[in-house]
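Chemist: A predicted structure for the sequence below; I have some questions about it.
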Amino acid sequence: MKNLFIFIILSVVFFSCRKDTPQPDTTPDKMEELVVPDNFNWKTTKSFQLELTGSSSGIVIVANQDGIPYQKAYLSTNLAYMMKITVPAYEQNIRLLFAGKDVTLELTSEYLSYRFQ
C-alpha cells in the first residue's frame, strides 16, 4: 500500500512537470501592422429620429438602460414631437420615461415612433 502511494505521488510529480511551450506574440508593434477586416464598423455612435406623442402634456426623458438621461423634451397633448438622438453604438434599447410610465424601446431602425396612452 505504501509503495502504491509513493508510485502515485511520483507519477503526479513527474507528469505535472512539463515545460510550457511559448506562445508567439501576435500583438503588432506598429499601427501599420494591424489587420482589420474590410467590413469593420469604426463608428462609436448611432443616430436615430425619434417621434414621440403623449396623451397628456409633460416632460419625457429618453434614457439608457441604467436610467441615465440622453435627452429631455416637453410633450404637448396629442402633438408629435420629433427629436434626433445619438447614443453609443453598443446600445440596443432606450428607456422612455413619461407620466409615471417606463417604456423600453428597441433600437431596430433609424426612425422610431412611440405613442404614450
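Modeler: Received it, and whenever you're ready, just let me know what you need. Residues are numbered from 1 along each chain as shown.
Chemist: could you pull out the strands for this structure?
Modeler: 45-53, 58-63, 69-75, 81-88, 93-98, 101-106, 111-115 (DSSP state E).
Chemist: so which of those strands gets nearest P24?
Modeler: Across these, P24 has its closest neighbour in strand 81-88 (34.3 Å, C-beta to C-beta). No exception for glycine: its C-beta is placed from N, CA and C like everyone else's.
Chemist: Okay, angle between that closest one and strand 93-98 too, please.
Modeler: 140 degrees (axes from the mean of the first three to the mean of the last three C-alpha atoms, to 10 degrees).
Chemist: how long is stretch 54-71 from one end to the other?
Modeler: 16 Å (C-alpha to C-alpha, to the nearest Å).
Chemist: still on that earlier bit, next, format the strands of the chain as CSV and append mean neighbour count.
Modeler: Listed next are the strands of the chain as CSV, based on neighbours: other C-beta atoms under 10 Å:
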stretch, mean neighbour count
strand 45-53, 16
strand 58-63, 17
strand 69-75, 15
strand 81-88, 13
strand 93-98, 18
strand 101-106, 12
strand 111-115, 13
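Chemist: Adding mean pLDDT, write these out as JSON lines.
Modeler: Below are the strands of the chain laid out as JSON lines (pLDDT from 0 to 100):
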{"stretch": "strand 45-53", "mean pLDDT": "97"}
{"stretch": "strand 58-63", "mean pLDDT": "98"}
{"stretch": "strand 69-75", "mean pLDDT": "97"}
{"stretch": "strand 81-88", "mean pLDDT": "97"}
{"stretch": "strand 93-98", "mean pLDDT": "97"}
{"stretch": "strand 101-106", "mean pLDDT": "96"}
{"stretch": "strand 111-115", "mean pLDDT": "97"}
